[in-house]
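Q: This is a predicted model, with the sequence first.
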Amino acid sequence: NAGVTQTPKFRILKIGQSMTLQCTQDMNHNYMYWYRQDPGMGLKLIYYSVGAGITDKGEVPNGYNVSRSTTEDFPLRLELAAPSQTSVYFCASRFDPRGGELFFGEGSRLTVL
Amino acid sequence: DAKTTQPNSMESNEEEPVHLPCNHSTISGTDYIHWYRQLPSQGPEYVIHGLTSNVNNRMASLAIAEDRKSSTLILHRATLRDAAVYYCILAMKTSYDKVIFGPGTSLSVIP
């Protein structure tokens, strides 16, 4: 099993550009999450999903969109990139929300100039 | 709204036990206690979780107070590789689906 795979690992965007961060998991997990982590700070929840077709906002959803058309994939779209979105983005998944281990991808480092 | 309180930082000597505290005074009976850690330049990784009883695994032990208002993550013998940020998180019945991280405790291990 590959676990949680994120692409790209690094990306530089210009202000106003758009892009999609890809996240795929092969563990058949229903629950998937997107976090951002600014330098020296903790993780902030952007969006999460409890299953295909169901998504919900987290702590910091503004400027982002998500979709969940399949169990495996949970892409995060940035529209009109801003310097404030410079961050490391982590995707995660889990099977059981109560006692289940959260599995993280390796992260995607995004810089907006 | 992490609902937990942890010290910002702690230090430990290598090969000594480490006790990382977490206060969660508003915990309810169905809330699970989870611990994760994040090594430098890596994503977080699961450490351990529990509900009421103390728990042990290959990485650590989790000691839960009788009133469940606090818990302690125990690393039995700190190594340099254990230097990380440790997050204590509540999985609350009112919001099992969400996982909100607080600032955590930054653990330094001194050789």
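A: The structure has been received and is ready for your questions.

Q: Now do the strands in chain B.
A: Counting by DSSP state E, chain B has strands at residues B:9-13, B:18-23, B:32-38, B:45-50, B:55-56, B:61-64, B:70-75, B:84-91, B:105-110.

Q: among those, which is nearest chain A?
A: strand B:45-50 (4.1 Å; C-beta to the nearest C-beta). (Each C-beta comes from the backbone N, C-alpha and C, glycine too.)

Q: Give me the sheet partners of the closest one and which way each runs.
A: strand B:32-38 (antiparallel) (DSSP bridges).

Q: quick check: angle from the strand it pairs with to strand B:84-91?
A: 160 degrees (axes from the mean of the first three to the mean of the last three C-alpha atoms, to 10 degrees).

Q: Run the chain-centre distance for strand B:32-38.
A: Relative to the centre of its chain, strand B:32-38 is centred 5 Å away, using C-alpha atoms, centre = their mean, to the nearest Å.

Q: Give me the spatial nearest neighbour of A:Phe74, chain neighbours excluded.
A: A:Met32 (4.1 Å; C-beta to C-beta, 6 or more residues apart in numbering or on different chains).

Q: measure the one you found to A:Gly3 for me?
A: Here A:Met32 is placed at a distance of 12 Å from A:Gly3 (C-beta to C-beta, to the nearest Å).

Q: on that earlier part again, got TSV for the strands of chain B, with distance to B:Asp97, mean pLDDT and mean neighbour count too?
A: Converted to TSV, the strands of chain B look like this (distance: least, C-beta to C-beta, whole Å; pLDDT from 0 to 100; neighbours: other C-beta atoms under 10 Å in any protein chain shown):
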stretch	distance to B:Asp97	mean pLDDT	mean neighbour count
strand B:9-13	31	97	14
strand B:18-23	22	97	18
strand B:32-38	13	94	23
strand B:45-50	16	94	19
strand B:55-56	23	94	15
strand B:61-64	23	97	19
strand B:70-75	22	97	20
strand B:84-91	9	92	24
strand B:105-110	25	97	17
